[in-house]
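# Okay, structure incoming, though there's no sequence with it:
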Ligand SMILES: [Zn+2]
Ligand SMILES: [Zn+2]
């Protein structure tokens, strides 16, 4: 009897990680796309960016799924990784992707936009992201909102919010209230990270913008940065401190990720119909106005 009980215990222990582990990992970002489950229905997608100096950096985005519907924040930079992400969402998870949202205008947010559009997925962005993206030869977001917007995904909501200028003038964050998870994008730094690419940054307002994020989401459980490791409120505090004593001299340190200059302007300039999101712009129970 004791032996039987031990056997059951062993089977139970072996089975536990496969069905309940919050650390489900698909792929390895060094080889291409990696997807990690971090909460129910909540995933981080990570894929590489190849810099002109030969370095490779991981770029994070977020996926939220509820009741067979999904929203994706930021695309991978490259076509191959984007197609892999779309295959995972549409063929493996079998979800309807209601929106792809680039959180600012750099290539590590919207590089894969053409593939999302080809897959019939609409893109939504802060109006400032559209205006800045126009200046580079990239495919442009299709539907625009002014600063903030709330998506209805299944029975849950996901909020996009513009806290002010930081990494770029258009950067927004995404908040999943039901999970208390923040996707900070590239304005949120992993603990120990450098200042990164400051070519389009406002270093004078960065700390205040991040403080505004902290004030709005004081109970966050997980904070996901655009690059590097996730954590808690310490990422916001680290970012605030990093830019706190910033004098208004723009310089660039050795980290040059997410600068569109590295990828040239070879991408086609897609002329897509632009609509402004309003109460009634999306049929059904898609978007809800804030
Ligand atoms: Zn960027
Ligand atoms: Zn970035």
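Sure, I can see it. Everything numeric in this text was worked out from a predicted model, so none of it was measured. Ligands and ions are numbered 1, 2, ... in the order given.

# How about the residues of the stretch 51-200 of the chain by ligand 2?
When proximity is defined by C-beta under 5 Å from the ion, the stretch 51-200 of the chain lies next to ligand 2 at 108, 186. Any C-beta I mention is one placed from the backbone N, CA and C, and that applies to glycine too.

# From residue 147, how far off is the residue in the stretch 51-200 of the chain that ligand 2 sits nearest to?
As assessed by C-beta to the ion, ligand 2 sits closest to residue 186 within the stretch 51-200 of the chain, at 3.5 Å. According to C-beta to C-beta, to the nearest Å, residue 186 and residue 147 sit 18 Å apart.

# what about the residue most central in space within the chain, is that helix, strand or coil?
Among the residues of the chain, the one closest to the centroid is residue 61, at 3.0 Å (C-alpha atoms, centre = their mean). The local conformation at residue 61, judged by DSSP: H, G, I helix; E, B strand; the rest coil, is strand.

# on that earlier part again, what sits against the residue of the stretch 51-200 of the chain closest to ligand 2?
103-104, 106, 108-109, 167-168, 171, 196, 225-227, 258 (C-beta atoms under 8 Å, 6 or more residues apart in numbering).

# can you tell me which residues contact the nearest residue to the residue nearest to the centre of the chain once chain neighbours are set aside?
Nearest non-adjacent residue to residue 61, counting by C-beta to C-beta, 6 or more residues apart in numbering: residue 74, 3.5 Å away. Residues in contact with residue 74 (C-beta under 8 Å, 6+ apart) are 59-62, 101-103, 108-110, 185, 226.

# Ranking by neighbours, what's the top pick from the residues you listed?
Counting neighbours by other C-beta atoms under 10 Å, residue 109 leads those with 34 neighbours.

# what's the closest non-adjacent residue to that residue?
Among residues not flanking residue 109 along the chain, residue 102 sits closest, at 3.8 Å (C-beta to C-beta, 6+ apart).
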